[in-house]
Structure formats: C-alpha cells, structure tokens
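S.K.: Structure of the sequence below:
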Amino acid sequence: MLQLTDITKVYAKGKRAVDAVTLRMEPGLLGLLGPNGAGKSSLMRVAATVTKPTSGQVLFNGQDVVAKPDLLRRVLGYLPQDFGVYPNLTAREFLRYLAAAKGLSARSAAARIDELIEMVNLTEALKRPLGKYSGGMLRRVGIAQALLADPQVIIVDEPTAGLDPQERVRFRNLLSDLAAERVVMLSTHIVSDVESVASDIAIVSNGRLLCRDSPEGLLRQVQGQVWELVVPSAQVPVLQHRFVISRLVRTAAGVRVRLLSPVAPGPDPVPVAPDLEDAYLAVINRAAGRYAAQGVVR
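M.R.: Purely as a prediction, here's the structure:
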C-alpha cells in the first residue's frame with residue numbers, strides 16, 4: 001500500500017503546486033487526471049521520492065519513505081514526464097546500464113531486457129543509437145526502464161505522450177495487466193488514457209484533489225446532463241458562452257454540439273449517455289465556479 005497524507009508542495013516565491021492532497025493506493029490502477037499545470041507531476045515526484053513534500057507524509061506499507069526513500073525505491077518503477085537518455089547508446093546498452101544501477105545481475109538483466117524490448121516493440125530499432133530515435137520511440141524506452149526490476153509500485157507521468165494510437169493501446173493494456181498485483185499510478189491530461197483501464201480515478205486542478213471515484217461513479221454525476229444538438233455555425237459562440245461544451249463536430253447540416261446542462265438547452269436537444277470526458281469537464285468546471293446545478297455560471 002502506498003499512502004500520501006496531506007501532501008503539500010510549495011516552490012520558490014510561494015508557488016503552491018500541491019495543496020493538502022491525500023491518496024491511499026492499493027494494488028490496481030489509479031488514473032490521475034487534470035489539466036496541464038494542475039500539479040500532477042509535482043505530486044508524482046513526491047510519490048516517487050524524487051522530491052520531498054513541504055509538508056505531509058508518504059508511507060509505503062506503513063513505513064515513512066520521506067525519511068527512508070530506499071524502502072520504496074527498491075521496488076519502484078518510475079517514468080517522469082521528462083525522461084533523459086544517453087544519445088550514443090543503443091536501447092539495449094542503455095537498459096543494461098540502468099539494470100546494473102538497479103542491482104540486477106547480468107544474466108537476469110539480459111533476459112528481462114529482451115522481454116521488455118519485445119514488449120514495447122523496439123526490436124527493429126535495436127541497432128540505432130538513442131539519439132536517432134523519435135520522441136515516441138524514446139518514450140517506449142522510458143516505459144521499458146520503468147519495468148526493468150519487475151517493480152511492485154509503478155508511477156508513470158504522461159506515459160503515452162508521443163506514442164501513436166496503436167502503441168497507446170498496447171501500453172494501456174500492459175499497465176492494466178500489471179495493476180492486477182501492483183500499485184500503478186498513471187498521470188495524464190488525456191481522458192482516453194485512463195477511460196478503459198482505470199478502476200479508480202482522481203481528478204486534480206490547481207494543486208487540489210477535486211474528486212476521487214470509479215469511472216461508473218463519475219458517470220453517475222452527470223447522468224441526464226449531457227445533450228447534443230445541431231446548430232448553424234453562427235450560434236456556436238452563444239452556446240460556448242452559456243454552456244460547457246465537450247465536443248464540436250462540423251457536418252453538412254451544421255455543427256453538432258455536445259454540451260453539459262442540468263436542463264434541456266433549448267427546444268430540440270437530444271439527451272445522450274455521458275462519457276468520462278463529460279464527467280471530467282463537469283468536475284473541472286464545477287471547481288472553477290463555471291458549472292453549477294442551475295447551469296453555467298459566468
């Protein structure tokens with residue numbers, strides 16, 4: 001079990017990146033959702049013992065890892081948002097170097113590296129130095145290094161950035177499998193990254209934990225509040241001013257607008273089943289004071 005209690009992180013000039021966040025995580029996948037700049041990365045760095053909190057407590061299986069970070073680091077796989085490599089090494093050489101740093105024997109490391117290279121689909125690029133890799137390929141190397149020591153706790157920050165759709169699906173499925181017996185914490189601002197794999201979702205904004213619930217629980221919060229209607233282009237700015245818009249699709253008949261409203265927004269809207277993106281937008285906009293029981297607040 002990994003437990004964060006009243007975590008606050010304040011940087012220079014008083015910038016409060018994380019504000020009294022409490023999260024308790026047991027085996028399973030926690031999706032940490034929030035807009036860019038919400039404090040997700042700062043919270044992940046504290047959870048991964050990369051930085052100390054200004055205040056609060058981090059416990060792993062009941063032991064204080066702020067005071068003794070190696071208790072967690074020995075069983076941790078961590079992929080930060082900004083992941084650096086040695087550009088002159090190949091992926092295999094780089095992973096061997098990291099495996100040695102983690103204390104893996106040469107024999108066990110060789111077998112594990114072969115397994116991971118295939119798992120993240122880098123077999124055909126093994127002869128190239130990392131300096132010749134694309135951003136998405138480097139992200140896959142980062143994913144591989146996070147899994148090197150078969151960790152009990154996996155913390156990954158924006159792991160699918162730069163991956164193509166097929167690789168995103170592959171990685172989400174991999175994390176879902178790993179979460180059966182491990183604590184997995186995945187931070188992202190992309191709702192689809194957690195929609196199909198997370199049984200537990202926490203939404204943060206401005207450093208604060210706004211909501212934690214199952215996907216089903218989040219959907220219940222906006223049941224009956226999602227609508228679609230087709231309008232001329234000229235009406236779109238009016239709707240954007242009055243409602244939280246989750247989707248705009250231009251068609252031959254006009255613009256199909258998907259929006260949030262507790263009551264029917266006009267004479268001809270069609271009620272539709274909410275998805276997780278609708279629920280996420282409702283939570284974020286409610287916290288910002290832009291969405292309330294009576295509709296959008298301006």
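S.K.: in the stretch 51-200 of the chain, which spans are helices?
M.R.: For the stretch 51-200 of the chain, the helices defined by DSSP state H, counting those that start in this stretch occupy 70-73, 91-101, 106-119, 135-146, 165-178, 192-195.
S.K.: need those in JSON lines with distance to residue 61, can you?
M.R.: Using the backbone N, CA and C atoms, a C-beta is placed for each residue, glycine as well. Formatted as JSON lines, the helices of the stretch 51-200 of the chain follow (distance: least, Cβ to Cβ, whole Å):
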{"stretch": "helix 70-73", "distance to residue 61": "8"}
{"stretch": "helix 91-101", "distance to residue 61": "24"}
{"stretch": "helix 106-119", "distance to residue 61": "24"}
{"stretch": "helix 135-146", "distance to residue 61": "20"}
{"stretch": "helix 165-178", "distance to residue 61": "18"}
{"stretch": "helix 192-195", "distance to residue 61": "25"}
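S.K.: Output those in TSV, with distance to residue 231 and mean pLDDT appended to each entry.
M.R.: Below are the helices of the stretch 51-200 of the chain laid out as TSV (distance: least, Cβ to Cβ, whole Å; pLDDT from 0 to 100):
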stretch	distance to residue 231	mean pLDDT
helix 70-73	53	92
helix 91-101	51	93
helix 106-119	47	91
helix 135-146	38	89
helix 165-178	30	84
helix 192-195	26	84
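S.K.: which residues in the stretch 101-250 of the chain form strands?
M.R.: For the stretch 101-250 of the chain, applying DSSP state E, counting those that start in this stretch gives strands covering 153-157, 183-188, 200-205, 208-213, 226-231, 244-251.
S.K.: Residues contacting the first one, please?
M.R.: Contacts with strand 153-157, where a contact means Cβ atoms under 8 Å, 6 or more residues apart in numbering, come from 2, 40-41, 44, 47-48, 60, 72, 75-81, 143, 146-147, 175, 178, 182-187.
S.K.: right, and the helices of the stretch 51-200 of the chain - which one's nearest residue 253?
M.R.: For the helices of the stretch 51-200 of the chain, the distance to residue 253 is smallest for helix 192-195, at 26.9 Å, taking Cβ to Cβ.
S.K.: on contacts alone, who are the packing partners of that closest one?
M.R.: In terms of contacts (3 or more Cβ pairs under 8 Å, 6 or more residues apart in numbering; DSSP states H and E), helix 192-195 is packed against strand 28-33, strand 183-188, helix 276-287.
S.K.: so which of those comes closest to residue 239?
M.R.: Of all those, helix 276-287 sits nearest to residue 239, with 14.3 Å by Cβ to Cβ.
S.K.: tilt between that closest one and strand 28-33?
M.R.: Between helix 276-287 and strand 28-33, the angle comes out at 60 degrees (axes from the mean of the first three to the mean of the last three Cα atoms, to 10 degrees).
S.K.: Averaged pLDDT, helix 276-287. What do you get?
M.R.: In this model, helix 276-287 has a mean pLDDT of 94.
S.K.: how far is it from where the chain is centred?
M.R.: Distance of helix 276-287 from its chain centroid, counting by Cα atoms, centre = their mean, to the nearest Å, is 16 Å.
S.K.: between that helix and strand 244-251, what angle do the directions make?
M.R.: On the basis of the same axes, to 10 degrees, helix 276-287 is oriented at 140 degrees to strand 244-251.
S.K.: in helix 276-287, what's buried?
M.R.: For helix 276-287, the neighbour count (16 or more other Cβ atoms under 10 Å) marks 276, 277, 278, 279, 280, 281, 282, 283, 284, 285, 286, 287 as buried.
S.K.: closest to residue 12 among those residues?
M.R.: residue 287 (25.7 Å).
S.K.: Excluding chain neighbours, what is closest to that closest one?
M.R.: Using Cβ to Cβ, 6 or more residues apart in numbering and skipping the chain neighbours, the partner closest in space to residue 287 is residue 210 (4.9 Å).
S.K.: For that neighbour, give me its contacts.
M.R.: With contact set as Cβ under 8 Å, 6+ apart, residue 210 has these partners: 203, 204, 283, 284, 287.
S.K.: gap between stretch 71-88 and the chain center?
M.R.: 16 Å.
S.K.: how long is that stretch from one end to the other?
M.R.: End-to-end distance for stretch 71-88: 33 Å, by Cα to Cα, to the nearest Å.
S.K.: got the buried residues for that stretch?
M.R.: 71, 72, 73, 75, 76, 77, 78, 79, 80, 83, 85.
S.K.: measure the fifth one to residue 102 for me?
M.R.: Counting by Cβ to Cβ, to the nearest Å, the gap from residue 76 to residue 102 is 10 Å.
S.K.: can you check the second one too?
M.R.: Taking Cβ to Cβ as the criterion, residue 72 is separated from residue 102 by 14 Å.
S.K.: Fine, thanks again, bye for now.
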